[in-house]
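Participant: Sharing a model prediction with you, sequence too.
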Amino acid sequence: MTLRIVVLPGDGIGPEVTDEAVRVLEWFVRRRAVPLAMERRLFGAAAWAEQRTTMPDATWDAIMAADALLFGATGSLDQKHIPPEERRKGSLLRMRKALDVFANLRPVKAQPALAEASPYKARTIAGADLVFVRELTAGVYFGTPRGIQTLPDGTRWGLNTHAYTEAEIARVARFAFTLARTRRNHVTSVDKANVMEAGALWREVVTAVHAREFADVALEHMLADNCALQLGRAPTRFDVIVTDNLFGDILSDCAGAINGSLGMLPSAALSDPDPAGRRRALYEPIHGSAPDIAGMGVANPLGAILSAAMLLRWTAKAPAEADRLEAAVGSALASGARTADIAVHGEPVLTTRAMTDAVLAALDASLPEG
Ligand code: NAD
Ligand code: IPM
Ligand code: MN
């Protein structure tokens, strides 16, 4: 059965990098018979400009019916003219919540070819291979009450609520422990149990789920501020890091420094499987719309392309093809292919498209007929 992949390019560099990820997926359709059909849909600021809605009904229906979404980026500077209600309607947060994709996998692997692009010493990052399991559909991003309110004395205050139920913590913990069993069997749970009640409950529930169901997996707890330090000081000590929505957002960007650029990092947001074993899935690079370089054709497409590799692994269930794509990215980098964000030694700087051409050439070379 052909899998329906809804492509949501979005704002800024979103369309530039998503086009390249689609070109790569089309290579897998053509050359490896992976059964995917990609369809592009408008949402957000681009949809507003054309149709005066940020979420056309056709887009929402396609999102809900899709086997997976391939998302570019959201965030344009000129959204002030869009009414707040409309902005929420077309928001990434609404999609994540509606799809219930609570487990956000953000893998970070040190690319040997990029050691010089990293601000860290080569020996510090060599072999780093970790994955965040970021809780994505609860916590302070969604907690209520929230809003900007005016007190009786006229003072305005901004209010958000950091809240987790036991069930929300337990399911993401189970995801992390299960994933760890397929890796190096080690989980670091990151919270601020010393300051926040939601953090104390997080630690309690993770500990209980571990003791009850996953005692074979090594578990450590770490405070989030220390984790920010350890990601730079000793990233090889981590295997799976499970953490809440906000810490996961910030700490995964911190880990982007390992390869020198946010443009390198992919992600997959997954739901629990339905009875037929299918997960809802949203794949996206972790970077944003990068307004400073949008429209220039110079953005690094590798975060989007590696997100496509995650789609091959999790949605197409083609792990050998996912490995092939990850290896092709490694070979393109090893051959010296660099976009501006990861170029440090005066290597010729490639455009977004030319970087993808280098990956496609490596894919061609991976086939027996060359
Ligand atoms: P950003 O990720 O857009 O950019 C941060 C820095 O990294 C910029 O200097 C940018 O040029 C660089 N960068 C990012 N991706 C790159 C790539 N692929 N290649 C080369 N360089 C790259 O973060 P920001 O500037 O803090 O936010 C800009 C907008 O993006 C905001 O509106 C924000 O809300 C939004 N945002 C969206 C997402 C998402 O869609 N998932 C994620 C983060 C930020
Ligand atoms: C990310 C982004 C988003 C987040 C924003 C755009 C809502 O930073 O996907 O990392 O904070 O989750
Ligand atoms: Mn982020």
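Facilitator: On my side now, so go ahead. Ligands and ions are numbered 1, 2, ... in the order given.
Participant: For stretch 84-91, buried residues please.
Facilitator: By neighbour count on 16 or more other CB atoms under 10 Å, the buried set for stretch 84-91 is 86-87, 89-91. Every residue, glycine included, has its C-beta placed from N, CA and C.
Participant: Now the helix or strand hosting Asp357: buried residues?
Facilitator: Assigned by DSSP states H and E, Asp357 belongs to helix 352-365. For helix 352-365, burial by neighbour count (16+ other CB under 10 Å) applies to 352, 355-360, 362-363.
Participant: Ok, stretch 1-10 next?
Facilitator: 3, 5-10.
Participant: Now intersect the residues you listed with the strands, please.
Facilitator: 3, 5-10 (DSSP state E).
Participant: For these, could you give me JSON lines that also reports pLDDT?
Facilitator: Listed next are those as JSON lines, based on pLDDT from 0 to 100:
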{"residue": "Leu3", "pLDDT": "98"}
{"residue": "Ile5", "pLDDT": "98"}
{"residue": "Val6", "pLDDT": "98"}
{"residue": "Val7", "pLDDT": "98"}
{"residue": "Leu8", "pLDDT": "98"}
{"residue": "Pro9", "pLDDT": "96"}
{"residue": "Gly10", "pLDDT": "94"}
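Participant: which non-adjacent residue is nearest Leu265?
Facilitator: Ile286 (4.5 Å; CB to CB, 6 or more residues apart in numbering).
Participant: The buried residues of stretch 84-91 also near ligand 2: which ones?
Facilitator: By CB under 6 Å from any ligand atom, no member of those lies near ligand 2.
Participant: Find the closest residue to ligand 2 in the stretch 201-350 of the chain.
Facilitator: Nearest residue of the stretch 201-350 of the chain to ligand 2: Asp249, at 4.4 Å (CB to the nearest ligand atom).
Participant: what about that residue, neighbour count?
Facilitator: The tally of other residues near Asp249 (other CB atoms under 10 Å) stands at 18.
Participant: do Glu197 as well
Facilitator: By other CB under 10 Å, 11 other residues sit near Glu197.
Participant: OK, contacts around it?
Facilitator: By CB atoms under 8 Å, 6 or more residues apart in numbering, no residues touch Glu197.
Participant: what do you get if the cut-off is 10 Å, keeping everything else the same?
Facilitator: The contact partners of Glu197, taken as CB atoms under 10 Å, 6 or more residues apart in numbering, are 162-164.
Participant: Give me the number of neighbouring residues for Leu262.
Facilitator: Counted with other CB under 10 Å, Leu262 comes out at 19.
Participant: Touching, it and Ser289? I think so.
Facilitator: No - under the criterion of CB atoms under 10 Å, Leu262 is not in contact with Ser289, lying 11.7 Å apart.
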